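Novice: Here is the input, now give the coordinates:
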Amino acid sequence: MSKASSSREPSEAGPGAGPDGSAAVDEYIGRFPANAQIALQQVRQRIHAVVPGAGEAIRYDMPTITVDGRSLIHFAGWKHHLSLYPVPDGVPDFEQDIAPFRSGRSTARFHYAQHPPAGLIERLVALQLEQRGRRDA
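Specialist: Reported below is the predicted structural model:
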């Protein structure tokens with residue numbers, strides 16, 4: 001199953017819109033086969049482990065983890081893999097670890113059959129949060 005739409009405009013409309021979009025994210029994940037649902041839920045949980053209390057929404061037709069109402073990380077399910085966007089750059093140790101999973105400048109792609117290495121998603125989220133903080137300062 002691939003994403004239903006390729007819209008590039010943020011959207012808060014629809015089920016789960018507003019401060020708690022977790023119902024919309026549940027619905028999104030529920031559209032995938034069981035193996036994909038497990039992988040998407042694991043990624044979701046790993047992101048929330050780094051950013052407890054973060055919000056959820058559907059933006060750009062994909063689940064989005066938000067902090068202070070602003071997008072931090074998007075994740076999306078596809079037929080054979082899931083992707084995370086954006087992937088931080090400029091950190092040499094991280095670049096080496098994420099390189100096998102890069103698919104484009106700011107996308108990480110993980111096939112459902114392979115599990116992301118322990119700690120990699122957590123590092124990705126922490127670096128994204130850190131880099132966003134520097135941009136906001």
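Novice: Give me the mean pLDDT for stretch 71-81.
Specialist: Regarding stretch 71-81, the rounded mean pLDDT is 97.
Novice: what sits up against that stretch?
Specialist: Stretch 71-81 is touched from outside by 1-3, 10, 28-29, 31-32, 36, 39-40, 43-44, 47, 51, 54, 57, 59-66, 82-86, 109-112, 124-125, 128-129, 132, with contacts defined as CB atoms under 8 Å, 6 or more residues apart in numbering. Every C-beta, even on glycine, is put in place using the N, C-alpha and C of the backbone.
Novice: Of these, which belong to strands?
Specialist: 57, 59, 62-66, 82-85, 109-111 (DSSP state E).
Novice: now the residues you listed: which count as buried?
Specialist: Buried members of the ones in strands among the contacts of stretch 71-81, scored by 16 or more other CB atoms under 10 Å, are 57, 59, 62-66, 82-85, 109-110.
Novice: and the ones in strands among the contacts of stretch 71-81 as CSV, adding distance to G119?
Specialist: CSV is the format used below for those (distance: CB to CB, whole Å):
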residue, distance to G119
A57, 26
R59, 26
M62, 23
P63, 21
T64, 22
I65, 17
T66, 23
L82, 17
S83, 19
L84, 14
Y85, 19
R109, 18
F110, 14
H111, 19
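Novice: and of these, the nearest to P117?
Specialist: Within these, proximity to P117 (CB to CB) peaks at F110, which comes in at 9.7 Å.
Novice: thought that closest one was touching S103?
Specialist: No - between F110 and S103 there is no contact, the gap being 9.6 Å when judged by CB atoms under 8 Å.
Novice: Give me the common contacts of those two.
Specialist: Residues touching both F110 and S103 by CB under 8 Å, 6+ apart: S83.
Novice: Let me know how buried G30 is, in neighbour terms.
Specialist: G30 has 9 neighbouring residues, counting by other CB atoms under 10 Å.
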